[in-house]
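**Q** next one to model:
(2 chains)
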Number of protein chains: 2
Amino acid sequence: MAFVATYSDSQPRRASIQSLVEIVSPGMASVNELILSKAGSNVDLIPEIAKHLISSGGKRLRPMLTLACADMFGYQGDGHVTLAASVEFMHTATLLHDDVVDESDMRRGKLAARKLWGNQASVLVGDYLLGQAFKMMVDVGSLEALRILASASAIIAEGEVLQLGAAKNIATSEEDYLRVIEAKTAALFAAAAEVGPVIAGQKDEMKQAARTYGMELGYAFQLVDDALDYGGSSADLGKDIGDDFREGKITLPVVLAIARCTDGERTFWSRCLEGEEIETGDLDQAIELLRKYDALSDTVERARNYGEKALRALDPLPKGSHNDALADAVAFCISRVS
Amino acid sequence: MAFVATYSDSQPRRASIQSLVEIVSPGMASVNELILSKAGSNVDLIPEIAKHLISSGGKRLRPMLTLACADMFGYQGDGHVTLAASVEFMHTATLLHDDVVDESDMRRGKLAARKLWGNQASVLVGDYLLGQAFKMMVDVGSLEALRILASASAIIAEGEVLQLGAAKNIATSEEDYLRVIEAKTAALFAAAAEVGPVIAGQKDEMKQAARTYGMELGYAFQLVDDALDYGGSSADLGKDIGDDFREGKITLPVVLAIARCTDGERTFWSRCLEGEEIETGDLDQAIELLRKYDALSDTVERARNYGEKALRALDPLPKGSHNDALADAVAFCISRVS
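**A** Numbers count the residues shown, from 1 in each chain, chains lettered A, B, ... in the order given. Okay, the predicted model is just below:
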């Protein structure tokens, strides 16, 4: 709890996810049950792969947002549980496809599904989970929630295609990169939060506030992830440091360092990220350059700014323990890197 | 027009898709416009790949079913156009992912998208099209149509995973194989037809009849495809003969031949399909074995039986030019292989 996110008018925040975990704990028990039952299939490979991913210890931040953003309005039904499980399925499907696209070997410190069962099964089980996600959303019966989540689904894929183009291009600007993470990360956080007030029958102002909170938190979360890949401990992320570097991914720390570097350093980045010719010592060299140009600390600074915007977005939402827990979650996301 | 599908009470049928094409032609013009507009994106690669597939000359049988099955009830809105475009997007997404999974080089006589833009882009653009499909369905606003199409989406993926398991297993039974094609082909035909009466506000009997028609037609269509892969002219299918064989796919002709073969012949099938050790002359040998055991003609016979069930399913549906065109489409599907 090294870092305490604040903005001028606010209380200091606990940099812990614990208050959010506790407050949505009854709902999350139902979400987890639903996830396990809906990941079932007579086709054995499907539950096998789905359970590998589902049990591999993600924090389930997205479904927690959905529950908290419905519960904070006193929502009494179980539609938020179903929507939360759908959101997690959408996320899991994206992870499966991402690993295939990025040729990743590890996911959350375990072998990636594609290394265990192959790319083919990862593509198809991802498709299955996405289909199940939509079926669950239909069960809830809110066309508005469906519209929000279907849009997020298309936007996420669009962001991934955009990232594919940016992946081997060191001319990627900060603006370009922010477009990528808005689509591939922030859009689902935003949708996950927005469907809370939607299912609770709230007015537009509340939906917009929850959406903005999710969106800004999503930006912060992704930028912290990007910084961690070059400097956090591997235990935190459950994956090795330098994954993004080895996969030729252009992330914000790299974009910032390249914008500030010498011609010789630019040749280094080009060789590693565009040419994918990575030699022993290159990762250390990359980290050194990122530090030299304050690229990691500036990335964290930007994450902190997004975090403050997320906190401000909570203002119009009902005060109380849910609001406080959502604020703590912001501080937690930032604190991972401090 | 070599083959004329009939069953006891019916008129002889034109074995042509022309009457269906003509009767839905105004709607299909709108479907095609919508497809082109919804395949658009600011991310250039998306329309590029989508248009490659969309313009590559599929028959668009599935969206035509949706239009005909709504029009036959005098449906006056434009929801059927949007649903038809969604169905085609779902199908296109499946093709993109299928080619990655099957490692196919060709699709409808053109290089497969994955050979032109890579597996990564094919996976992600497929995801994008699926997201767009769901967004379009939500626009239509029928939760019942959404439920039908979302279920089909999960079932298709389940069928593909099932096929992945069967692909390298010559012990696959006829029953196993029929489960695969019910999921991977017939389910979308069934859903495409069923949403017609759904959007037209018809009662359950009509929905069920349209669904059965689509399902049986889907089986027939797939079995004819399977037979063509070992004996049709490559111009018909727009792909080379023997693709299934080279990809180690177990299809009904092979299942039937293996059930009837000698031990020595079984070793041959195992080497080619399970071991994927295919040598010059093996495809000719396979075709000879299929003919020796009447496996191709028996596959076509089964397709014909499904075709007759499809024709019978049309009975409760309104008589007239749409009903006739749907009957002609059955005869057309079978005639491709005669």
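**Q** so where's the stretch 101-250 of chain A shaky on pLDDT?
**A** Residue ranges of the stretch 101-250 of chain A with pLDDT under 70: A:108, A:232-240.
**Q** write out the residues of it neighbouring chain B.
**A** Proximity of the stretch 101-250 of chain A to chain B is confined to A:101, A:119-121, A:123-125, A:127-128, A:130-132, A:134-135, A:137-139, A:141, A:143, A:146-147, A:150-151, A:153-158, A:160-162, A:164-165 under the rule Cβ under 8 Å from any Cβ of the partner chain. The C-beta positions use only the backbone N, C-alpha and C, and glycine is treated the same way.
**Q** again, only this time at 6 Å
**A** Within the stretch 101-250 of chain A, the positions near chain B by Cβ under 6 Å from any Cβ of the partner chain are A:101, A:120, A:123-124, A:127-128, A:131-132, A:134-135, A:138, A:141, A:146-147, A:150-151, A:153-154, A:157-158, A:160-162, A:164.
**Q** restricted to helices, list those.
**A** With helices taken from DSSP state H, the overlap with those comprises A:101, A:120, A:123-124, A:127-128, A:131-132, A:134-135, A:138, A:146-147, A:150-151, A:153-154, A:157-158, A:160-162, A:164.
**Q** wait, A:L317 touches A:A209, no?
**A** Yes - assessed by Cβ atoms under 6 Å, A:L317 is found in contact with A:A209 at 5.2 Å.
**Q** which residues in the stretch 201-338 of chain A form strands?
**A** For the stretch 201-338 of chain A, strands defined by DSSP state E, counting those that start in this stretch do not occur.
**Q** next up, the contacts around A:T66.
**A** Going by Cβ atoms under 6 Å, 6 or more residues apart in numbering or on different chains, A:T66 touches A:80, A:83-84, A:87, A:192, A:195-196.
**Q** mind redoing it with 10 Å?
**A** A:24, A:27, A:31, A:79-88, A:145, A:149, A:191-196, A:198-199, A:210, A:214 (Cβ atoms under 10 Å, 6 or more residues apart in numbering or on different chains).
**Q** contacts only, for A:A167.
**A** Counting by Cβ under 10 Å, 6+ apart, the residues that A:A167 touches are A:101-102, A:180, A:244, A:247-250, A:273-274, A:276, B:120.
**Q** er, A:A133 I mean
**A** The contact partners of A:A133, by Cβ under 10 Å, 6+ apart, come to A:38, A:83, A:85-93, A:149-150, A:153, B:134, B:150, B:153-154.
**Q** mind redoing it with 7 Å?
**A** In this structure, A:A133 makes contact with A:86, A:89-90, judged by Cβ atoms under 7 Å, 6 or more residues apart in numbering or on different chains.
**Q** now the closest residue to it other than its chain neighbours: how far from A:F134?
**A** Once flanking residues are discounted, A:A133 sits nearest to A:F89: 3.9 Å by Cβ to Cβ, 6 or more residues apart in numbering or on different chains. A:F89 is 9 Å from A:F134, where distance means Cβ to Cβ, to the nearest Å.
**Q** ditto for A:R302
**A** Counting by Cβ to Cβ - A:R302 and A:F134 are separated by 34 Å.
**Q** ok, these two, which is more surrounded?
**A** A:F134 (29 against 20; other Cβ atoms under 10 Å in any protein chain shown).
**Q** what about the residue of the stretch 151-300 of chain A found nearest chain B, how many neighbours?
**A** For the stretch 151-300 of chain A, the residue closest to chain B is A:A154, as judged by Cβ to the nearest Cβ, at 3.0 Å. Neighbour count for A:A154, taken as other Cβ under 10 Å: 24.
**Q** got a list of what it touches?
**A** So A:A154 contacts B:128, B:131-132, B:135 (Cβ under 7 Å, 6+ apart).
**Q** swap in 10 Å and give it another go.
**A** A:183, A:187, B:38, B:41, B:46, B:127-136.
**Q** residue boundaries of the helices in the stretch 201-338 of chain A?
**A** Ranges of helices within the stretch 201-338 of chain A are A:204-228, A:234-237, A:243-246, A:252-259, A:263-269, A:282-292, A:295-313, A:321-335, based on DSSP state H, counting those that start in this stretch.
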